[in-house]
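A.B. asks: next come a sequence and a model predicted from it.
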Amino acid sequence: MEENVKEYRPFLVDQVPYLTLTTKKFENRKKWQQSNPKEICSIIPGSVIEVFVKPDQQVKAGAVLLILDSMKMHTKIEMPYDGVIKEVNLAKGDRIPKNAIMITIK
Amino acid sequence: MSFKRNILELRKRKKEAQQGGGEKAIEKQVAMGKKTARERIKAILDENSFHEYDLFVEHTGRDFDMEKKVLHGDGVIIGTGTMYGQPVAIYAQDFTVFGGSLGLMHARKITKIMDHALKMRVPLIGINDSGGARIQEGVNSLAGYGEIFYRNTNASGVIPQISVILGPCAGGAVYSPALTDFVFVVENISKMFITGPSVIKSVLGEEISMEELGGAMVHSEITGNAHFFAKSEDECFEQIKKLITFIPWNNAQKALRFPVAEPLAAANIEEIVPIDPHLPYDIRDVIRAVTDKSDFFEIMEYFARNIVIGFGRIDGNTVGFVANQPMYLAGVLDCDSSDKAARFIRYCDAFNIPIVTLEDMPGYLPGVDQEHAGVIRHGAKLLYAYSEATVPRVTVIIRKAYGGGYIAMNSRHLGADFVFAWPTAEIAVMGPEGAANIIFKKEIEESENPEEMRKQKIQEYKDKFANPFVAASKGYIDEVIEPLETRARLIHSLEVSASKVDTRPIRKHGIPPF
């Protein structure tokens, strides 16, 4: 065996521990997280063309919150349900990465 | 009258064209640690066997002052030659000529040699070293790529197609290698990506180096786009020369038979595998214990290491090995390992190479990431590939063969020709621990000493089911064999399968889950 036995670690499959090595890709895998319905996150990076809402503003479901320029396309980001805006984390002209929390709802 | 003047003129023209991008550009190429396109062809083919075509082809660009530029051979060298005395077709992009960029005539040269390779049923080797599309030629350049992809697809499964990435290979250009059978990459030289670091930075604001984004190790370990990783171009050429010995020249032939040689390590086969199914070992040692000269040529060594694929010879004949690797992730099946094995099985099936499967796996990798990545779809590729394969198929179950993984790993039920099991084999729906917890849940919970009861029930299940004899009693296993008999059994079963005829329903093609 090439690898030192000490590097093996227990690995559970069907509640049974097997001694084994892991791969870099496995270690770097993304842990799953429940999404928070009160956070509106970017699913694609882009720059902000226009923001239409302010904190404490009452917004109806379907209203446009902002327009994002991503991949040469202007995308409208809409309010998912009736609610009140808590925070607006961006302003016109900002460049935002993927998975950024753009707006939170109270 | 004499030809002399004409011949001297021809020689002069050839010499000029063969300079490629000229001294300065060649110096630059060398400074990057790269060989020139001509040197590469020479290094791969038999000595003095290369014959070039289309040396005098000129580009057709007429915009953006391109008409004033002379691009020798339009940045690509095409030709034929031999490897081990057998004919092959080859092309090499010449980075010294306008960055090896692909224009219309450059693509025409490549498609010419591809057409030739397919018609003549000889392997095609493509050396990629190009800055990408020649933007000055606009849509003509895109047309060129499309015509290459179309031919890659038509040739797939008919002639072996080998891609060697020895420089940048970016944007649309990457899809030609992706459509071919084997992709070779070299550390610090190969760079493959759809969108490069600068575009990623400007659009996404993410900063990454070329090597981290699409370098040789990334494609060998993370993406699975590359099959062979080398530290130098010379090592890469040796890998190509070795690979070619294992495969037939086209899909109507069988791989060349080599003189039979005994394994070097056969006697150790019992010492390699721990009896305790929870302990790891290197499955490649088992493969080496059954192959001629203990030679095993691994493919995709760094990607999805929980499954091992590659070529070896048994009794002189090439065999494709697919084997769970308990040393990594306990040898589980997952998205990547299913994908890796399935494609290899289809390769073997297309090129008349028998498949030997060595099985030791506890099931599928649990996890949200796996389920959401589509382990159902990717796992199905493995079932599909085995089920459709009509080449001889032999399975040896070494230890664990649990659940869906047992079915997937070339079981009798998917049409395996021979299935053997070592006495250590455990063929069951799941491991004894998990099974006992479910079957005897009530007894365990209601017992005065649940832990003791659990242990007892696990042992009961082990004795009854964690062995090869239940499956053997139903004929799902053809024979339970001693580990030391493995090679002899493989030799015999492949021998009697040599003229195997197996057919599938007539159809245009199946619809595999990719």
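C.D. replies: Okay, I see it. None of the values given here were measured: they were computed from a predicted structure.

A.B. asks: for chain A, what's the nearest residue on the stretch 401-514 of chain B?
C.D. replies: Nearest residue of the stretch 401-514 of chain B to chain A (CB to the nearest CB) works out as residue B:434 at 4.0 Å. Using the backbone N, CA and C atoms, a C-beta is placed for each residue, glycine as well.

A.B. asks: pretty sure that residue belongs to a helix, no?
C.D. replies: Yes - counting by DSSP: H, G, I helix; E, B strand; the rest coil, residue B:434 is part of a helix.

A.B. asks: return the alpha-carbon coordinates of stretch B:269-276 using CSV.
C.D. replies: C-alpha atoms of stretch B:269-276 as CSV (Å, rounded to 0.1, in the frame of the first residue of the first chain):
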residue,chain,number,x,y,z
ILE,B,269,-3.3,-12.0,-3.9
GLU,B,270,-4.5,-13.4,-0.6
GLU,B,271,-2.4,-11.0,1.3
ILE,B,272,-3.6,-7.9,-0.4
VAL,B,273,-7.2,-8.0,0.7
PRO,B,274,-8.1,-7.8,4.4
ILE,B,275,-10.8,-10.2,5.5
ASP,B,276,-12.5,-7.5,7.6
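
A.B. asks: ok, that stretch near chain A or not?
C.D. replies: No - contact of stretch B:269-276 with chain A (CB under 8 Å from any CB of the partner chain) is absent, the minimum separation being 8.8 Å.

A.B. asks: what residues does that stretch touch?
C.D. replies: Residues external to stretch B:269-276 that are found in contact with it (CB atoms under 8 Å, 6 or more residues apart in numbering or on different chains): B:280-282, B:285-286, B:289-290, B:360, B:398-399, B:422, B:424, B:483-484, B:486.

A.B. asks: most widely separated two among those residues?
C.D. replies: Greatest spatial distance in those: B:280 and B:484, 21.7 Å, computed using CB to CB.

A.B. asks: the more surrounded of the two?
C.D. replies: Higher neighbour count among residue B:280 and residue B:484: residue B:280, with 23 against 13, using other CB atoms under 10 Å in any protein chain shown.

A.B. asks: pretty sure residue B:329 contacts residue A:8?
C.D. replies: No - Residue B:329 lies out of contact with residue A:8 (CB atoms under 8 Å); the separation is 11.5 Å.

A.B. asks: overlap in contacts of those two?
C.D. replies: A:20-21.

A.B. asks: between these two, who's got more neighbours?
C.D. replies: residue B:329 (28 against 18).

A.B. asks: mind pulling up the pLDDT for the more buried one?
C.D. replies: For residue B:329, the pLDDT comes out at 95.

A.B. asks: now do the contacts for it.
C.D. replies: Applying CB under 8 Å, 6+ apart, the residues contacting residue B:329 are A:11, A:20-23, A:26, B:305-306, B:365.

A.B. asks: stretch A:95-104: which residues count as buried?
C.D. replies: A:96, A:100, A:102-104 (16 or more other CB atoms under 10 Å in any protein chain shown).

A.B. asks: what's the longest strand anywhere in chain B packed up against?
C.D. replies: Taking DSSP state E as the assignment, the strand of chain B that covers the most residues is strand B:393-402. Secondary-structure packing of strand B:393-402 (3 or more CB pairs under 8 Å, 6 or more residues apart in numbering or on different chains; DSSP states H and E): strand B:355-361, strand B:418-421, strand B:426-428, helix B:486-496.

A.B. asks: deepest-packed of these, please.
C.D. replies: Among the helices and strands packed on strand B:393-402, ranked by average contacts under mean count of other CB atoms under 10 Å in any protein chain shown, first place goes to strand B:355-361 (a mean of 26).

A.B. asks: up against chain A, what does chain B have?
C.D. replies: Going by CB under 8 Å from any CB, the residues of chain B near chain A are B:203-206, B:221-222, B:277-282, B:285, B:304-306, B:326-332, B:336, B:362-363, B:365-369, B:372, B:402, B:430-431, B:433-434, B:437.

A.B. asks: strands - which of those residues land there?
C.D. replies: Per DSSP E, the residues of chain B next to chain A map to strands at residue B:402.

A.B. asks: can you measure across stretch A:94-106, start residue to end residue?
C.D. replies: End-to-end distance of stretch A:94-106 (CA to CA, to the nearest Å): 23 Å.

A.B. asks: wait, I meant stretch B:84-98
C.D. replies: 33 Å.

A.B. asks: for that stretch, list every residue counted as buried.
C.D. replies: Within stretch B:84-98, the residues scored as buried using 16+ other CB under 10 Å are B:88-98.

A.B. asks: which of these sits closest to chain A?
C.D. replies: residue B:98 (28.5 Å).

A.B. asks: surely residue B:289 forms part of a helix?
C.D. replies: Yes - Residue B:289 sits within a helix when classified using three-state DSSP.

A.B. asks: state the distance from it to residue B:305.
C.D. replies: Look at residue B:289 and residue B:305: by CB to CB, to the nearest Å, they are 20 Å apart.

A.B. asks: which residues in chain A form strands?
C.D. replies: A:9-13, A:16-20, A:39-41, A:46-51, A:58-59, A:64-70, A:73-78, A:83-88, A:95-96, A:101-105.

A.B. asks: ok so, going back, pretty sure the residue of the stretch 401-514 of chain B closest to chain A contacts residue A:17?
C.D. replies: No - using CB under 8 Å as the test, residue B:434 is too far from residue A:17 to be in contact (11.8 Å).

A.B. asks: name the residue in those two with the higher neighbour count.
C.D. replies: Neighbour comparison, residue B:434 and residue A:17: the larger count goes to residue B:434, with 21 against 13 (by other CB under 10 Å).

A.B. asks: contacts only, for that one.
C.D. replies: With contact taken as CB under 8 Å, 6+ apart, residue B:434 is in contact with A:14-16.
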